[in-house]
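1. mind folding the following:
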Amino acid sequence: MANIAFLGAGMMGQPMVRNFLRNGHAVTVYNRTLEKARPLEALGAVLAVTPKAAASGADVIFSSLVNDEASRVTWNGPDGALQADLKSGAFAIEMSTVSLAWVSELNEIATARGLHFLDCPVAGRPDVAETGQLKIFAGGDAADVDAMRPVLAAISKSVMHVGGVGSGIKFKLIYNVMGAIQVAACAEGMQACEAAGIDIAVAAEGFSTGATGSPHVARHARYMAENSHEEPIQFSGRMRIKDLAYGVRLIEDVGGQSVIGRAAKSVFEQMVELDMGDLNDSELLDTLRRVHQKDRA
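-> Prediction:
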């Protein structure tokens, strides 16, 4: 069993920590707002007041954070994990959906401290994390990925080794751009059907079960048709914009085209413009309804 430091006890971090604990690992948790991590303490986790304190002596240091800025200060700030008394040969594993530029920089800093570094972003929402069925896209040395598979098994149903360091986040960002495009297209299709006088429950069934169907479309079309959005919020419009910004930049930096990705970002930006950015991404349909009503006024 591993001695784990886990940085970030948010919607994804908490269920991952619970699964590590259920599988017999020792876990020390750091969260910026310590009170939010108290439920994990009751399950056997140790709470640390700084990332540095959490990481001291750990076999594996994981982070699950919201963006580059949060990751940077948590890993490399004055009290960051990389300032700790680090165990020789320990692993640093970034699971956050952040930019490739930051992953590359973090790899250099971590390896200079003698750590094995992997970028292991995950696919799956908090409900999937709770069941330990996440998909992990791993970037790093193959031997390092294999060494971590027994630990990662506590939180995942599969670990896909994508390539060297940075490959995991490259794939995850492209993956999330494709997912956001599907959600934006679903919302636009549902709103167009409604405007055309088509029952959106019928539209949701047609989109979900026809050639346009995908797990993303089926999930979001149902929530949109039923107006029964997830609680607590699983994936907000604002987070979609963040992932699209990182993803579109990556795609274009490597020489790809992201015309549709840019368009999807502009669709989600309407949520923020209407003060709906912190709501579920499935509420994009309500945003488009309001835009449509405003345009017709």
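2. can you give me the helices in the chain?
-> Listed in chain order, the helices found in the chain under DSSP state H are 13-22, 38-42, 51-55, 68-76, 100-112, 126-130, 142-152, 167-195, 200-209, 215-226, 237-253, 259-273, 284-296.
3. need those helices in CSV (columns: mean pLDDT).
-> Shown next, in CSV, are these (pLDDT from 0 to 100):
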stretch, mean pLDDT
helix 13-22, 98
helix 38-42, 96
helix 51-55, 98
helix 68-76, 98
helix 100-112, 98
helix 126-130, 94
helix 142-152, 98
helix 167-195, 97
helix 200-209, 97
helix 215-226, 95
helix 237-253, 98
helix 259-273, 98
helix 284-296, 88
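4. dump those to JSON lines, plus mean neighbour count and distance to E94.
-> C-beta: built from backbone N, CA, C; applies to glycine. As requested, those are arranged in JSON lines below (neighbours: other C-beta atoms under 10 Å; distance: least, C-beta to C-beta, whole Å):
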{"stretch": "helix 13-22", "mean neighbour count": "23", "distance to E94": "13"}
{"stretch": "helix 38-42", "mean neighbour count": "13", "distance to E94": "20"}
{"stretch": "helix 51-55", "mean neighbour count": "24", "distance to E94": "13"}
{"stretch": "helix 68-76", "mean neighbour count": "19", "distance to E94": "7"}
{"stretch": "helix 100-112", "mean neighbour count": "17", "distance to E94": "6"}
{"stretch": "helix 126-130", "mean neighbour count": "18", "distance to E94": "16"}
{"stretch": "helix 142-152", "mean neighbour count": "16", "distance to E94": "13"}
{"stretch": "helix 167-195", "mean neighbour count": "21", "distance to E94": "8"}
{"stretch": "helix 200-209", "mean neighbour count": "17", "distance to E94": "34"}
{"stretch": "helix 215-226", "mean neighbour count": "20", "distance to E94": "25"}
{"stretch": "helix 237-253", "mean neighbour count": "21", "distance to E94": "13"}
{"stretch": "helix 259-273", "mean neighbour count": "18", "distance to E94": "23"}
{"stretch": "helix 284-296", "mean neighbour count": "16", "distance to E94": "29"}
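5. among the ones you listed, which is nearest L86?
-> Distances from L86 to each of the helices of the chain were compared using C-beta to C-beta; the minimum, 6.7 Å, belongs to helix 51-55.
6. for that closest one, packing partners?
-> Contacting helix 51-55 under the criterion 3 or more C-beta pairs under 8 Å, 6 or more residues apart in numbering; DSSP states H and E are the following elements: strand 3-7, strand 26-30.
7. right, I'll call it a day here.
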